[in-house]
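Engineer: give me a model of this one.
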Amino acid sequence: MKLFFVITALLFAQSAFAEKADRKKPVYLEADRATVEDVNRKESSRISIFTGNVILTQGTMRILADKLVMKEDLDGFKHATATGDLVSFRQKRDGLDEYVEGWSQRVEYDSKTDKIELFRQARLKRGVDEVQGDYISYDMNTEFFKVIGSKERGVETGPDKRVRITIQPKNKSE
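Structural biologist: Coordinates of the predicted model:
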């Protein structure tokens with residue numbers, strides 16, 4: 001079964017990746033309310049909590065959520081956990097006029113590994129191709145993803161018991 005996920009991911013693979021310039025751009029956060037720990041901490045990571053219509057933007061990457069908890073380590077790497085009715089994620093693909101978009105009840109973004117994880121009612125769309133499941137892990141550097149249904153995760157509730165993938169036919173000139 002795991003071989004199926006790898007083969008499917010390879011079918012989606014192309015030479016373009018997530019917008020590489022995004023990593024070097026500042027992170028902007030907007031929300032109705034925010035609690036930010038002391039910026040002068042020296043011994044541990046800083047935690048900030050944003051609630052109400054949260055928008056995280058870094059270059060072309062954008063995450064929209066009801067609540068976002070951001071942890072920043074001493075090296076400046078950020079780990080964000082966004083929750084909401086449906087959290088949305090979007091980022092431009094490098095060198096193409098095309099976006100990768102995702103939706104789920106919880107999204108975790110790790111700037112150190114450039115990885116996005118989508119939990120519960122997870123859906124990821126790239127161009128016209130789409131994957132759905134209970135959990136999706138997406139590597140923003142390689143555009144490799146893994147999709148797991150709720151049955152495999154041991155969560156028998158919810159509509160995402162099985163993985164669903166739609167791959168549209170490609171034009172031979174592409």
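
Engineer: residue contacts, residue 77?
Structural biologist: 110, 111, 112 (CB atoms under 8 Å, 6 or more residues apart in numbering). No exception for glycine: its C-beta is placed from N, CA and C like everyone else's.

Engineer: phi first, then psi, for the residue nearest to residue 167 when sequence neighbours are not counted.
Structural biologist: Distances taken as CB to CB, 6 or more residues apart in numbering put residue 129 closest to residue 167, at 5.2 Å, once the chain neighbours are dropped. For residue 129, the backbone dihedrals (degrees, to the nearest 10) come out as phi -90, psi 150.

Engineer: how many neighbours does residue 129 have?
Structural biologist: Neighbourhood size, residue 129 [other CB atoms under 10 Å]: 15.

Engineer: any idea what it is bridged to?
Structural biologist: For residue 129, the beta-bridge partners are residue 126 (DSSP bridges).

Engineer: where in this structure is pLDDT low?
Structural biologist: Scanning the chain with the threshold set as pLDDT under 70 gives 1-21, 38-42, 152-160, 172-174.

Engineer: where exactly do the helices run in it?
Structural biologist: With helices called from DSSP state H, the chain shows them at 2-12, 150-153.

Engineer: still on that earlier bit, which of the contacts of residue 77 are buried, as a ChimeraX select command?
Structural biologist: Buried subset of the contacts of residue 77, written as a ChimeraX selection, criterion 16 or more other CB atoms under 10 Å:
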select :110,111
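
Engineer: in a markdown table, list the contacts of residue 77 along with distance to residue 36.
Structural biologist: Formatted as a markdown table, these follow (distance: CB to CB, whole Å):
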| residue | distance to residue 36 |
| --- | --- |
| 110 | 20 |
| 111 | 17 |
| 112 | 20 |
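
Engineer: show me which of the contacts of residue 77 is closest to residue 22.
Structural biologist: Residue 22 lies nearest to residue 111 out of the contacts of residue 77, by CB to CB, at 9.9 Å.
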